[in-house]
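>>> Got a predicted structure here, sequence first:
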Amino acid sequence: PLFATKKDLKYTNMRAVLAIAFAASAAAFSPVTKTASKSALNALAPKDELGAIPPIGFFDPLGLCKNGPYGSEEDNFYHYRGVEVKHGRIAMAATLGMLTQQNYHFEGYLSPSADLKFADIPNGLGALSAVPLIGWVQMAVVIGAHEVLIKQREGKKPGDFGTGYFGVSMDDQSAKQIRALNIEISNGRLAMLGILGMFASEIVHNGEVLAETKVFGS
């Protein structure tokens, strides 16, 4: 409209941000590649794979591994496990980011031209409308470049991009490596629930971020 209100602009900006975010993450759900198919040929049965740990074990109530659109049961598992690991890693970073930003902000300007400092950006969902659209575009470009340039290693477990485990190479399928990978999957699952819980809490408490921390005197 010719005379858009501040509220209209806020929601327009938020819709644009969400559209960019969905576009940047679309590669996570793209059809499985030949590399994944070759790797799946040597994979264990899904019920015996990493992540099938007590007390639940292998959990696929919807039968996505058997009925998924990416090929055989092993191909489907390979794809969904790659998506799970990726989202778990993002959620772990997001959870740490929420907790860190609640107590600390980077110094300096996020957008000098807009006279916008990092300290001006609220924690949580409020950042969606506070960060300029061009900032989200830049982040989407970086994420897209990562999706295109950083590839899964052929013949390796989903999520193996050749960078090691915190820089330490573990490629021997030893008990230490299997334990570390199971820990990563478990922590990723917990972080996905954690970050969704933080967002839900923020909505329930009318925009107040991490309201539950008040019980600790913060």
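Happy to help now that I have it.
>>> Mind exporting the C-alpha coordinates of stretch 80-90 to CSV?
Extracted in CSV, the C-alpha atoms of stretch 80-90 (Å, rounded to 0.1, in the frame of the first residue of the first chain):
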residue,chain,number,x,y,z
TYR,A,80,16.5,-38.7,6.9
ARG,A,81,19.5,-39.3,9.1
GLY,A,82,21.5,-36.7,7.2
VAL,A,83,18.6,-34.2,7.7
GLU,A,84,18.4,-35.1,11.4
VAL,A,85,22.1,-34.6,12.0
LYS,A,86,22.1,-31.3,10.1
HIS,A,87,19.1,-29.9,12.0
GLY,A,88,20.5,-31.2,15.3
ARG,A,89,23.8,-29.3,14.7
ILE,A,90,21.9,-26.1,13.8
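>>> ok, and the closest non-adjacent residue to residue 178?
residue 50 (6.7 Å; Cβ to Cβ, 6 or more residues apart in numbering). All C-beta spots, glycine's among them, are computed from the backbone N, C-alpha and C.
>>> residues near that neighbour, how many?
Using other Cβ atoms under 10 Å, the number of residues around residue 50 comes to 18.
>>> any idea how far it is from residue 61?
In this view, residue 50 and residue 61 are 19 Å apart by Cβ to Cβ, to the nearest Å.
>>> next one: residue 101
36 Å.
>>> Validate this expectation: residue 110 resides in a strand.
Yes: counting by DSSP: H, G, I helix; E, B strand; the rest coil, residue 110 is located in a strand.
>>> So what's the residue count around it?
18.
>>> for residue 81, same thing?
Residue 81, neighbours per other Cβ under 10 Å, totals 21.
>>> Please name the residues that touch it.
49, 50, 51, 157, 158, 159 (Cβ atoms under 8 Å, 6 or more residues apart in numbering).
>>> So which of those residues are in helices?
Residues of the contacts of residue 81 located in helices (DSSP state H): none.
>>> can you redo these as a markdown table with distance to residue 127?
Shown next, in a markdown table, are those (distance: Cβ to Cβ, whole Å):
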| residue | distance to residue 127 |
| --- | --- |
| 49 | 36 |
| 50 | 34 |
| 51 | 31 |
| 157 | 33 |
| 158 | 30 |
| 159 | 27 |
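>>> what ranges do the helices span in the protein?
6-25, 34-41, 64-67, 73-101, 127-130, 133-149, 175-204.
>>> What is the nearest of the contacts of residue 81 to residue 122?
Nearest to residue 122 among these, counting by Cβ to Cβ, is residue 159 at 31.8 Å.
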